[in-house]
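Peer 1: Prediction below, plus the sequence it came from.
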Amino acid sequence: MTDTHCPYCSLQCGMKVTGRRSPEVSAWPEFPVNEGALCRKGWTATGLVGSRERLTTPLLRDRATGEFRPVGWDEALGVVADRLRALRAAHGPDTVGVFGGGGLTNEKAYQLGKFARVALGTSQIDYNGRWCMSSAASAGTKAFGLDRGLPFPLADLEQTDVVVLVGSNLAETMPPAARHLDRLRERGGRVVVVDPRVTATAERADLVVQPVPGTDLALALGVLHLLVAGGHVDEEYVATRTTGFDDVRRAVAAWWPERVERVTGVPVEELRALVALLTGADKVVVLTARGAEQHSQGTDTVLAWIDVALALGQCGTTYGGYGCLTGQGNGQGGREHGQKADQLPGYRMIDDPAAREHVAGVWGVPADQLPGRGRSAYELLDVLGTPTGPQALLVFGSNIVVSAPNATHVTRRLESLDLLVVADLVLSETAAIADVVLPVTQWAEETGTMTNLEGRVILRQQALTPPTGVRSDLEVLHGLAVRLEAPVPFATDPEEVFAELGRASAGGRADYAGITYDRIRAEHGVFWPCPDADHPGTPRMFLDGFATPDGRARFHAVEHRGAAEQPCADYPLHLTTGRVLAQYQSGAQTRRVRALTDTGPFVELHPLLARRLGTADGEPVTVTTRRGSMTAPARVVATIRPDTVFVPFHWVGANRLTNDALDPSSRMPEFKVCAASVMAAGRA
Ligand code: SF4
């Protein structure tokens, strides 16, 4: 029996894995994050182990026939290295792109960043976390000087008075987390949900506010207006712990409730009820998730809600504040260790000379040989195969064909490459169009750390022997580095890589230097920053000041711009996307777990809209946007706004519809809203 963690979401629930031939998951009640509770995905997590769809040999596309043929590792890695060398000789190092994932362990994310900069010498690396919570990361850095999704343990939610969830459906996406809301309410606390849909989370809320998709920012401005007008701002806190509020005070003056109602569709009395809950509470926590963040104004939306928490005097206090609920399993750690286009390990900026010197010293290479800032995820994909973009892409831990916005366009770009290499467990939709597929180990077959949504570094321990023929991503990177004659070694032992990561992060904003595998085992995880072996870790941040030069948080006076696409005569509805309980992200793993296949794609719409379309529950409907169409059964519910349709994004199709408009700061695409039309399938 091995203590380990779930392969999926950012809660990183603790679990035990037993048995080797027919492995099973059992509860690990002592692990504090989930106390033995798991969701459907967690209980069935071994379903992919031993699946007949598992890849166990590298695949090489035969250029003559266009078909895959199984090959040995030597041949596969040799072909990749030869073709990378030839492309680099012809076009320079930036002709090779690297695309990582927010589900990779910290060790893999770190090694991938080092591999790109040192073995390939390319600046063209980014990852799918750019699509997941980068707007919250951008806003947190601007406001607090440092981004850690939750700057406090999740269990603190039980001790506050009011929790406001903006664009989070945690009861469905991470069900064990919902018990904190239940316990809060048992204590007399209140929960507010802001979401265009009445979700499983909204069902346990005291107040549900359903704004028009893309107007969460305007709602926050309305809240701030009423806080100012009603004299509810914590002036002493604002004066001593923040800067910039005067600009906010001026900016929100024009956001009187009737204007907010016109823009957001939220009735004035609901806005006032929300403000009354906030001002009647001693402790308030504001949480955002993808619903607030995946917008072309996502960073500003999060900043506006941070402004609300700051105006109430909550951030950097015990049981109050702001936090982001990350999504992917290593959504937090994945953005700290250097697989982002603009970052080096330890959350260091790649264009900071001191940061370059430090990391280059750990890597054993001259700092002036490290490449500079590359393109963000979508911007990288958008230029693949073009004269100015990379001609080769190496993909680790990402199923781009399903998860990218404007996915038809992105798939064409992938298909235009000279070389597409995908490392994956199964033949995902992205692997299926690759030139070379490299079969890699999965969660229970390997050891490595993840950093959960609380900033708690946890250890996934190997419970099972991998099938013959697969290798770990660390072994793949090592094998390629050797063949590319990289100037420094690339370790394959995860504990050795973690120790190097600790040295690279030392002194940085996400400091792991004092964390070891033994400490994680003994302490049920260690919260960063943890700069040395004697440091206890940091469960609660900012209590003594924020990570800004003067220790004060920054207010930001932001303006509502609205979604990049507004409904029009041809596309009269809002389309929004999201997740369902039984599936995880692009579904590459969960769609292959038999116990989770009872849910398929659907289009959720209101009965009034269904009547207008002449359709009914279960009948096929077609959703169309400026980028494409998809058809799926209608799910007719009264819990969604009549002007909005919802499609889960775990299956091919949803992201063919979504808009690739980017947030100017985080470069996050606007997955959460675009203009759409819907009709009963088959009607012209
Ligand atoms: Fe826990 Fe998330 Fe895994 Fe469900 S998917 S068991 S909530 S870590």
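Peer 2: Yep, that arrived.
Peer 1: tally of neighbours for the residue of the chain found nearest the ligand?
Peer 2: Nearest to the ligand in the chain, going by CB to the nearest ligand atom, is Gly42, at a distance of 2.4 Å. All C-beta spots, glycine's among them, are computed from the backbone N, C-alpha and C. Neighbour count of Gly42, defined by other CB atoms under 10 Å: 23.
Peer 1: Is it in contact with Cys6, as I believe?
Peer 2: Yes. Counting by CB atoms under 8 Å, Cys6 is a contact partner of Gly42 at 4.5 Å.
Peer 1: re earlier: who are the neighbours in contact with the residue of the chain closest to the ligand?
Peer 2: Cys6, Tyr8, Cys13, Met15, Val25 (CB atoms under 8 Å, 6 or more residues apart in numbering).
Peer 1: Quickly list what's touching both of Gly42 and Cys6.
Peer 2: Cys13, Met15.
Peer 1: one step back: now, the most widely separated pair of the contacts of Gly42?
Peer 2: Tyr8 and Val25 (11.9 Å; CB to CB).
Peer 1: Mutual contacts of the two, please.
Peer 2: By CB under 8 Å, 6+ apart, the residues touching both Tyr8 and Val25 are Gly42, Ala45.
Peer 1: that older thread, out of the contacts of Gly42, which are close to the ligand?
Peer 2: Counting by CB under 6 Å from any ligand atom, the subset of the contacts of Gly42 that neighbours the ligand consists of Cys6, Tyr8, Cys13.
Peer 1: residue contacts, Arg241?
Peer 2: Applying CB under 8 Å, 6+ apart, the residues contacting Arg241 are Gly313, Cys315, Gly316, Gly545, Phe546, Arg552, Ala553.
Peer 1: now do Pro536
Peer 2: Contact analysis of Pro536 by CB under 8 Å, 6+ apart lists Cys530.
Peer 1: Would you check how far apart it and Phe527 are?
Peer 2: Computed as CB to CB, to the nearest Å, the Pro536 to Phe527 distance reads 9 Å.
Peer 1: Bridge partners for Arg635, pull those for me.
Peer 2: Counting by DSSP bridges, Arg635 forms beta bridges with Glu604.
Peer 1: how far away is it from Thr597?
Peer 2: For Arg635, the distance to Thr597 - CB to CB - is 17 Å.
Peer 1: more neighbours, these two?
Peer 2: A direct count of neighbours by other CB under 10 Å for Arg635 and Thr597 places Arg635 higher, at 19 against 13.
Peer 1: quick one, what contacts that one?
Peer 2: So Arg635 contacts Phe602, Val603, Glu604, Leu605, Asp617 (CB under 8 Å, 6+ apart).
Peer 1: would TSV of these with pLDDT and distance to Ile515 be doable?
Peer 2: Formatted as TSV, those follow (pLDDT from 0 to 100; distance: CB to CB, whole Å):
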residue	pLDDT	distance to Ile515
Phe602	97	43
Val603	98	45
Glu604	97	42
Leu605	97	48
Asp617	96	51
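Peer 1: Pull the distance from the one helix or strand the residue of the chain closest to the ligand maps to to the chain's centre.
Peer 2: Using DSSP states H and E, Gly42 sits in helix 40-43. Between the centre of helix 40-43 and the centre of its chain there are 20 Å (CA atoms, centre = their mean, to the nearest Å).
Peer 1: And it, what's buried?
Peer 2: Arg40, Lys41, Gly42, Trp43 (16 or more other CB atoms under 10 Å).
Peer 1: Equivalent analysis for stretch 627-640, please.
Peer 2: Going by 16+ other CB under 10 Å, stretch 627-640 has these buried residues: Arg627, Gly628, Met630, Thr631, Ala632, Pro633, Ala634, Arg635, Val636, Thr639, Ile640.
Peer 1: got the CA coordinates for stretch 590-603 in PDB?
Peer 2: What follows is stretch 590-603, C-alpha atoms only, in PDB (Å, rounded to 0.1, in the frame of the first residue of the first chain):
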ATOM      1  CA  THR A 590     -10.700  10.400 -18.000                       C
ATOM      2  CA  ARG A 591     -12.500   9.700 -21.300                       C
ATOM      3  CA  ARG A 592     -10.500   6.400 -21.200                       C
ATOM      4  CA  VAL A 593     -11.700   5.400 -17.700                       C
ATOM      5  CA  ARG A 594     -14.700   3.100 -18.300                       C
ATOM      6  CA  ALA A 595     -16.400   4.100 -15.000                       C
ATOM      7  CA  LEU A 596     -16.500   7.700 -16.200                       C
ATOM      8  CA  THR A 597     -17.900   7.200 -19.700                       C
ATOM      9  CA  ASP A 598     -21.500   7.700 -18.700                       C
ATOM     10  CA  THR A 599     -21.300  11.400 -19.500                       C
ATOM     11  CA  GLY A 600     -20.800  12.700 -23.000                       C
ATOM     12  CA  PRO A 601     -20.800  16.200 -24.600                       C
ATOM     13  CA  PHE A 602     -24.000  18.200 -24.300                       C
ATOM     14  CA  VAL A 603     -25.300  21.700 -24.900                       C
END
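Peer 1: What's the separation between the residue positioned nearest the centre of the chain and Arg579?
Peer 2: Per CA atoms, centre = their mean, the C-alpha nearest to the average position across the chain is that of Cys132, at 2.9 Å. Per CB to CB, Cys132 is found 11 Å from Arg579.
Peer 1: How about Ser135?
Peer 2: Counting by CB to CB - Ser135 and Arg579 are separated by 17 Å.
Peer 1: between those two, who's got more neighbours?
Peer 2: Neighbour count, other CB under 10 Å: between Ser135 and Arg579, Ser135 has more, with 29 against 19.
Peer 1: ok, the more buried one touching Ser666?
Peer 2: Yes. Between Ser135 and Ser666 there is a contact under CB under 8 Å: 4.3 Å.
Peer 1: can you map out the strands along the stretch 201-350 of the chain?
Peer 2: Along the stretch 201-350 of the chain, the segments classed as strands by DSSP state E, counting those that start in this stretch run 207-209, 242-243, 284-288, 321-324, 343-344, 348-349.
Peer 1: got the buried residues for the next helix or strand after the last one?
Peer 2: Secondary structure here is assigned by DSSP H and E; on that basis, the next helix or strand after strand 348-349 toward the C-terminus is helix 353-363. Of the residues in helix 353-363, those buried by neighbour count under the rule 16+ other CB under 10 Å are Ala355, Arg356, His358, Val359, Ala360, Val362, Trp363.
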